[in-house]
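**Q** quick one: sequence and predicted model below, then my questions.
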Amino acid sequence: KTAPPPPPAAVAAAVDSPPRKVPPLWMQACDRTLRKLSRHRSAWPFTDPVDPEALNLPDYFTVITHPMDLNTIRSKLSGFVYTRAEDFVSDVRLTFDNALRYNPPSDRVNQ
């Protein structure tokens, strides 16, 4: 008998690579929620960290001591930093609370 041919490279790579970590159900739900938030037409002020220098906000870090944004949340979620859904929810709330705290009520971010 002859030996079977070697498997294609893609199959061999899949067999040799470590198994991918499957997120728990609560994390999958957080991911779906974050995708919906990020796609919302009014999400643009919340997607990236605030750049106080570019936006000329010299007091930003005096007022906001714990900055948070949706892309930072995405990184934490995909990096398995969150151990509970409540921590994810806390960061989402912090994102919007920071905007409400820093911007005046008349600002479109607060509406």
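**A** Everything's here; your move. What you see is a predicted model; the values in this text were computed from it and never measured.
**Q** nearest to the spatial middle of this structure, which residue is it?
**A** With the centre of the chain defined as its mean C-alpha position, the nearest residue by Cα atoms, centre = their mean is Arg74, 1.3 Å away.
**Q** ok, and the closest non-adjacent residue to that one?
**A** Once flanking residues are discounted, Arg74 sits nearest to Leu34: 6.0 Å by Cβ to Cβ, 6 or more residues apart in numbering. For the C-beta atoms, the positions are set from N, CA and C on the backbone; glycine is no exception.
**Q** can you give me the strands in the protein?
**A** Using DSSP state E, no strands are found in the chain.
**Q** who touches the residue nearest to Arg74 in this structure?
**A** By Cβ atoms under 8 Å, 6 or more residues apart in numbering, the contact set of Leu34 is 70, 73-74, 77, 88, 92.
**Q** between these, which is closest to Asp107?
**A** Leu70 (18.4 Å; Cβ to Cβ).
**Q** ok, that closest one to Asn98 distance?
**A** 12 Å (Cβ to Cβ, to the nearest Å).
**Q** just to revisit the earlier point, scan the contacts of Leu34 and report the most crowded one.
**A** Ile73 (24 neighbours; other Cβ atoms under 10 Å).
**Q** go ahead and confirm that residue touches Phe96.
**A** No: the criterion here is Cβ atoms under 8 Å, and Ile73 misses it with Phe96 at 11.5 Å.
**Q** which parts of the longest helix seen in the chain are buried?
**A** Looking across the chain with DSSP state H, the single longest helix is helix 85-102. By 16 or more other Cβ atoms under 10 Å, the buried positions in helix 85-102 come out as 88, 91-92, 94-95, 98-99, 102.
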